[in-house]
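J.: Got a predicted structure here, sequence first:
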Amino acid sequence: MGDERQDAIEQAWDGVVATARRTAADGLVVGTSGNVSARVGDIVLVTPSGVPYDRLGPGDAVGVDLEGRQVLGDLVPTSELALHLAVYRDSDAAAVVHTHAVHATAVSTLVHEVPLIHYAAAMMGGPVRTAAYARYGTRELADNMLAALHGRTGCLLRNHGTVTYGSTLDQAYDRTAQLEWMCRLWLTASSVPGHSPALLSAAQLRDVREALEGYGQPG
């Protein structure tokens with residue numbers, strides 16, 4: 001059982017590093033901004049503070065328990081640890097992705113809720129809210145985020161970035177990518193002089209959510 005647990009931790013850490021590198025490669029973060037985590041039982045594996053993702057290897061794993069006590073590794077965990085732990089304590093999330101995606105961050109400064117420009121909002125559980133501003137790394141930011149995430153799997157952080165979660169790292173990342181794309185779409189449509197983009201109604205979004213329940217391959 002111990003070997004199986006160790007294998008699961010090593011596999012999850014590899015996924016955390018790969019996902020963090022993906023956020024950088026796709027332009028969702030700059031430098032060491034943003035962070036990624038994954039939960040394995042009662043351990044949360046999280047990217048370290050201030051270390052470039054391309055320098056992280058198998059021996060650099062950083063793990064904490066759900067109270068934030070470090071139980072694995074020597075590197076200091078991300079300064080946004082409270083944000084990640086709040087998601088895990090409040091949901092069934094297995095992975096969390098936080099980025100400073102340009103378009104989503106721009107939208108966070110403009111609206112309290114992302115306008116329903118596209119049915120991709122259904123993938124987040126409904127209209128994506130913007131959490132009230134608080135300084136990074138604070139409990140206040142984590143609390144504001146949880147309020148914005150209520151009934152959702154993603155939100156914006158005002159003047160800061162995005163947070164999404166999922167049952168896998170791939171799902172959490174895909175939700176981040178969809179949120180950034182949706183914000184870019186709204187900004188693009190809103191920039192045309194003399195025109196306002198058509199938006200979906202709440203009923204239309206509910207229809208999409210129902211349709212998505214049967215989306216994909218069976219099983």
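T.: Received it, and whenever you're ready, just let me know what you need.

J.: Just the element for the spatially most central residue of the chain, please.
T.: With distances taken as Cα atoms, centre = their mean, the residue of the chain nearest its centroid is residue 164 (2.5 Å). Here residue 164 sits within strand 161-166, counting by DSSP states H and E.

J.: So what are the sheet partners of that strand and their directions?
T.: The strands beside strand 161-166 in its sheet (DSSP bridges) come out as strand 95-99 (antiparallel), strand 154-157 (antiparallel).

J.: And the contacts of the longest one?
T.: So that's strand 95-99. Outside strand 95-99, the residues that touch it by Cβ atoms under 8 Å, 6 or more residues apart in numbering are 15, 19, 23, 28-29, 33-39, 80, 83-84, 87-88, 161-169, 171-173, 175-176, 180. No exception for glycine: its C-beta is placed from N, CA and C like everyone else's.

J.: counting contacts, what elements does the longest helix along the chain pack onto?
T.: Ranked by residue count, the top helix of the chain under DSSP state H comes out as helix 2-25. Under the contact criterion of 3 or more Cβ pairs under 8 Å, 6 or more residues apart in numbering; DSSP states H and E, helix 2-25 touches strand 35-40, strand 43-46, strand 95-99, helix 169-190.

J.: For stretch 88-98, buried residues please.
T.: 88, 93-98 (16 or more other Cβ atoms under 10 Å).

J.: residue at max distance from the center of this structure?
T.: Outermost in the chain, Cα atoms, centre = their mean: residue 194 at 34.2 Å.

J.: hang on, that residue in a helix?
T.: No. Counting by DSSP: H, G, I helix; E, B strand; the rest coil, one finds residue 194 to be coil, located in no helix.

J.: coming back round to it: the buried residues of stretch 88-98 into a markdown table, with extra columns for pLDDT?
T.: Listed next are the buried residues of stretch 88-98 as a markdown table, based on pLDDT from 0 to 100:
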| residue | pLDDT |
| --- | --- |
| 88 | 98 |
| 93 | 98 |
| 94 | 98 |
| 95 | 98 |
| 96 | 98 |
| 97 | 98 |
| 98 | 98 |
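
J.: wait, which of those is closest to residue 52?
T.: residue 98 (16.7 Å; Cβ to Cβ).

J.: Just give me how far stretch 26-46 sits from the chain centre.
T.: Relative to the chain's own centre, stretch 26-46 is displaced by 9 Å; criterion: Cα atoms, centre = their mean, to the nearest Å.

J.: And it, what's buried?
T.: The neighbour-count check on stretch 26-46 (16+ other Cβ under 10 Å) flags 28-29, 32-40, 43-46 as buried.

J.: of all the helices and strands packed on helix 2-25, which lies closest to residue 113?
T.: If you check each of the helices and strands packed on helix 2-25 against residue 113 by Cβ to Cβ, helix 169-190 wins as the nearest, at 11.2 Å.

J.: quick one: the residue nearest to residue 177 when sequence neighbours are not counted and residue 33, what's the gap?
T.: What sits nearest to residue 177 in space, not counting adjacent residues and going by Cβ to Cβ, 6 or more residues apart in numbering, is residue 26, at 7.1 Å. Residue 26 is 13 Å from residue 33, where distance means Cβ to Cβ, to the nearest Å.

J.: Assign a three-state SS to residue 79, would you?
T.: Three-state call for residue 79 (three-state DSSP): coil.

J.: who's in contact with it?
T.: Counted by Cβ under 8 Å, 6+ apart, residue 79 has contacts 49, 136-137.

J.: Ramachandran coordinates for it?
T.: The phi and psi values for residue 79, taken as degrees, to the nearest 10, are phi -70, psi -10.
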